[in-house]
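[1] Could you look at this predicted model? Sequence included:
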Amino acid sequence: MDLRTLGRVVFFAALIAALGLVPRFDLPMLGGVPITAQSLGVTLAGVFLGPRNGALSALLFLIGVGFGFPILAGGRGGFDVFTGPTVGYVLGFVPGAFVAGWAMERWGGRLGPFMGGTLAGFLGGYVVLNLIGIPVNLWLTGRGLGSGVDLALGLLAGGVVKALVTGLAAFLFRESLATEVQEGGGGDMETRDLVRIALFAAIIAALGLLPKFDLPVAGGVPITAQSMGVMLAGVILGARQGALAVMLFLFVVALGAPLLAGGRGGLGVFFGPGGGFLIGFVPAAYATGVMMDKLGRTPLLIAAIFASVIGGILVMYAFGIPWLAWKANLTLLKAFYASTVFLPGDLLKAVAVGFIAELASRAAPQALARGR
């Protein structure tokens, strides 16, 4: 191993440790397994270093934990952490990094950095960690298989968010990947595109400052203007860049920034009754952008409204309603009825997005992805 490779291995071990400083969220089941950002560092190590060096980086981090350095989430360290109910997840860091790197090498070239990184992040950071962590947790806590299923479902939202962030990082820093990947149909991203993505992430955050209105149904899922920002991202930026802007926003929220309506932030917000709607932000923006492309010959105002309804309402509800039913202990039908109270406001947002897109196209036609 040359000195440069060794430096990268040490860097990602330090990154895994640094991500332990991000506020964690303890799932109140099966011994309080914590939802942390450190598994994100594990998958990033695999994706950027490859399977062998990624696993080595995770192992170096665990050696530091074993020697007593308080670098595990929550300031934990020492051999005691390898005897508790979360030991399976901790030991799963090494195979998780290896599988993430293997998946990136296998599929990154075919799928491109974003999709390849997302798949690698999900396999390494969610599938592998749970295949190791859940059985060990059940064995040490004496819980049944049903509790393991509940735990896997409870960790799913965090796994998806961290996988998407892995894909975003692979896309933005693809020159540093351990394996050669192709762009997958978009060409190189220019500085202007990065600025637009960051700008729309900031717009979505700013829309959260507008007063929200909480309806006392199904856990009080708030009606906010932020979903309008998601629709705008898809309409203005297009499918891919719109989804990236939303992912960037959700990543900053997951790190603890209070950017959601009501000043909320941290990993815990993804596990409440509205968590499914938050996860649905990404596919909603993507679907909105896809519909804008499909409606290329339709007048812009009509296209933007229709695309916002499909992506920003139907797709988002498809993710949010099942999650709401599960977290609020409702049937799907009751969760659907509870969510329909948001429909008038969401339709108004879709109409507003249509008029904003029309005005934007007149003021700066080059601003819309559809016009470029």
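    That came through fine.
[2] Could you give the average pLDDT over stretch 55-67?
    Computed over stretch 55-67, the mean pLDDT rounds to 95.
[3] So which residues of this structure form strands?
    25-26, 34-35, 213-214, 222-223 (DSSP state E).
[4] buried set for the longest helix along the chain?
    The longest helix of the chain (DSSP state H) is helix 93-122. Across helix 93-122, burial judged by 16 or more other C-beta atoms under 10 Å covers 93-105, 107-108, 111-122. All C-beta atoms are positioned from the backbone trio N, CA, C, and that covers glycine.
[5] go on, stretch 62-71?
    L62, G64, V65, I71.
[6] Tell me the spacing between G78 and G68.
    G78 sits 5 Å away from G68, going by C-beta to C-beta, to the nearest Å.
[7] Apologies, that question was intended for F319.
    42 Å.
[8] Then A17?
    13 Å.
[9] Could you do A157 as well?
    From A157 to G68 the distance is 33 Å (C-beta to C-beta).
[10] again, but for V181
    Counting by C-beta to C-beta - V181 and G68 are separated by 39 Å.
[11] do K334 as well
    51 Å.
[12] ok so, going back, any chance of the buried residues of stretch 62-71 in a markdown table, with distance to G289 too?
    Shown next, in a markdown table, are these (distance: C-beta to C-beta, whole Å):
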| residue | distance to G289 |
| --- | --- |
| L62 | 41 |
| G64 | 43 |
| V65 | 42 |
| I71 | 40 |
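[13] so of these, which ones are in helices?
    L62, G64, V65.
[14] What residues sit buried inside stretch 198-212?
    F200, A201, A202, I203, I204, A205, L207, G208.
[15] contacts for that stretch?
    The contact list for stretch 198-212 (C-beta atoms under 8 Å, 6 or more residues apart in numbering) reads 222-226, 228-230, 232-233, 236-237, 242, 245-246, 248-249, 252, 257, 259-262.
[16] can you do 6 Å?
    Residues outside stretch 198-212 that contact it (C-beta atoms under 6 Å, 6 or more residues apart in numbering) are 222, 224-226, 229, 233, 245, 248-249, 259-262.
[17] How far does that stretch sit from its chain's centre?
    17 Å (C-alpha atoms, centre = their mean, to the nearest Å).
[18] could we number from 90 for the rest of this?
    Taking 90 as the first residue, the last one we looked at is stretch 287-301.
[19] Just to check, G327 is in contact with M380?
    No - G327 is beyond contact range of M380, at 10.7 Å (criterion: C-beta atoms under 6 Å).
[20] Name all residues that make contact with G364.
    G364 touches A246, W412, counting by C-beta under 6 Å, 6+ apart.
[21] Just the pLDDT at it, thanks.
    88.
[22] what does V179 give?
    93.
[23] And K383, by the same measure?
    92.
[24] Likewise for L349?
    Confidence for L349, expressed as pLDDT, is 87.
[25] The one 5 residues further on now?
    On the pLDDT scale, G354 is placed at 84.
[26] So it sits against V341, correct?
    No - using C-beta under 6 Å as the test, G354 is too far from V341 to be in contact (8.1 Å).
[27] got the buried residues for stretch 361-379?
    Buried, per 16+ other C-beta under 10 Å, within stretch 361-379: 361-379.
[28] wait, I meant stretch 432-439
    Buried, per 16+ other C-beta under 10 Å, within stretch 432-439: G434, D435, K438, A439.
[29] What lies in contact with that stretch?
    Residues outside stretch 432-439 that contact it (C-beta under 6 Å, 6+ apart) are I312, M317, I394, S397, V398, I402.
[30] would you list every one of the helices in the stretch 90-239 of the chain?
    With helices called from DSSP state H, counting those that start in this stretch, the stretch 90-239 of the chain shows them at 92-108, 127-138, 140-155, 176-180, 182-211, 218-230, 234-261.
[31] Reformat those helices as TSV; add distance to A458.
    TSV is the format used below for these (distance: least, C-beta to C-beta, whole Å):
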stretch	distance to A458
helix 92-108	33
helix 127-138	27
helix 140-155	34
helix 176-180	40
helix 182-211	16
helix 218-230	36
helix 234-261	17
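[32] Check the gap between the closest residue to A407 other than its chain neighbours and P411 for me.
    Leaving aside its chain neighbours, A407 sits nearest to G369 (7.1 Å; criterion: C-beta to C-beta, 6 or more residues apart in numbering). Note on G369: its distance to P411, by C-beta to C-beta, is 10 Å.
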